[in-house]
Structures are given as C-alpha cells and as structure tokens.
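quick check, what structure comes out for this input:
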Amino acid sequence: MRAYPFSPEEQVRPAAFLRPGSVDAATLLVLRVVRRAVWPIITIGAAVAWVNGEFNAESIERLTSPAQFFALVLSPLALLALGWALRILVNLTGLALAAPLAQGAWVAGTEATSRGRRLIDLAYLSAGYRSVRWSYAVQHEAVRRCGVLGRQLALLETVGRILLPVAIAAFVWLVFQDVRSAGA
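Numbers count the residues shown, from 1 in each chain. Okay, the predicted model is just below:
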C-alpha cells in the first residue's frame with residue numbers, strides 16, 4: 001500500500017489528455033514517430049558530417065550565419081540541421097496541441113486575473129500536458145482510438161527506438177576507424 005494514495009480526482013486518466021475522436025490521437029502518434037526519428041537523424045547527420053570533415057570552425061560558422069545558412073542545404077551538415085529543426089518543430093507542435101486541453105483545466109474563478117499571467121500559466125500547464133501526452137499510457141489510448149493506423153504508427157515508433165542505438169554504434173565505429181587510421 002502506498003504511503004500517499006491518490007484520490008480518483010488526482011489520478012491520471014489517459015483519455016483526458018486527448019481530444020475526442022481519433023484525429024488528435026493520430027496527430028499525437030505521428031508526432032511521436034517524428035520525435036523518435038529525430039535522434040537517429042541527428043546521429044546519422046553527425047556521422048555524415050564527420051566522414052566529410054565538416055566538424056570544423058568554418059562549417060559551424062556556416063550553420064550559424066544567416067547569410068550562408070541556405071548553402072547548408074547542399075552541405076553534409078544538412079541532415080544534422082534537419083534533425084535539430086525537426087526536434088524544435090515537434091516540441092512546439094506538441095505544445096500547441098496541448099494548449100486547448102490545458103485551457104479547460106482550470107476550475108472557473110481560479111485562473112490568473114491578468115492576461116499576461118494567464119498566458120504564462122497556460123504555457124506552464126500546456127508543457128505539463130505535453131509531457132503527459134508523451135507517456136506510454138496516453139500512447140496506448142491513442143493507438144486504441146486509431147485502430148490499425150495506430151498500431152502501424154506505434155510500430156514505426158518502435159523502429160525509431162531501434163534505429164537510435166544502431167546509429168550511435170555506427171557513428172562510434174566510424175569515429176574509431178577514423179582515429180585508428182589517423183594514428184597508423
């Protein structure tokens with residue numbers, strides 16, 4: 001028995017973190033797939049940049065310089081930049097999709113009185129809702145709502161989970177081979 005049992009009002013109910021129907025559930029599952037693909041993309045991008053000798057001051061300056069940023073599309077750093085852009089996009093989209101749920105979370109009369117404080121509170125609460133939406137319990141509910149499509153998206157997410165350690169191992173092997181050949 002837990003020392004601090006939760007009352008029914010305090011327990012997390014996964015369905016409460018999804019809007020009704022299957023559209024929000026499918027959108028969440030697609031975001032989860034992209035979110036899971038980000039780190040393998042970043043790792044593969046780093047490996048491609050390493051092989052092409054792009055980890056130097058000039059290349060990093062191109063990445064941070066607005067004038068030369070679009071030349072990056074043809075650079076070996078493009079995959080690395082794409083991974084980071086996807087990471088930012090997925091987080092912001094997840095936050096935006098959680099905001100409507102967070103807006104309805106307050107009991108009438110308990111929200112902040114000024115518009116600025118309400119927006120800040122909404123941002124904090126939306127971030128919390130986004131975090132719960134990433135949980136396995138909410139994913140399971142989303143898969144249930146989406147049926148076959150949900151199971152396919154869950155499988156794609158699992159593939160992303162498998163690709164990350166494979167991509168990391170390949171990158172470490174590449175670096176090891178490069179360091180070993182440089183020492184010989």
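
number of nearby residues for residue 101?
Residues lying near residue 101 (other CB atoms under 10 Å) number 19. In short, each C-beta sits where N, CA and C put it, glycine included.

before we move on, what about residue 26?
Residues near residue 26, counting by other CB under 10 Å, number 18.

check the gap between it and residue 6 for me.
According to CB to CB, to the nearest Å, residue 26 stands 30 Å off from residue 6.

so for the helix or strand containing residue 95, mean pLDDT?
Assessed by DSSP states H and E, residue 95 sits inside helix 78-103. Averaging the model's pLDDT scores along helix 78-103 yields 91.

which other helices and strands does that helix contact?
When contacts are defined as 3 or more CB pairs under 8 Å, 6 or more residues apart in numbering; DSSP states H and E, helix 78-103 sits against helix 23-51, helix 115-133.

flag the helix or strand of the chain with the lowest per-element mean pLDDT.
helix 57-64 (a mean of 68; mean pLDDT, DSSP states H and E).

ok, back up a step: can you give me the angle the helix holding residue 95 makes with helix 115-133?
Helix 78-103 runs at 110 degrees relative to helix 115-133, counting by axes from the mean of the first three to the mean of the last three CA atoms, to 10 degrees.

OK, contacts around residue 26?
Residues in contact with residue 26 (CB atoms under 8 Å, 6 or more residues apart in numbering) are 142, 146, 149, 150, 153.

wait, isn't the first one in contact with residue 17?
No: the criterion here is CB atoms under 8 Å, and residue 142 misses it with residue 17 at 9.3 Å.
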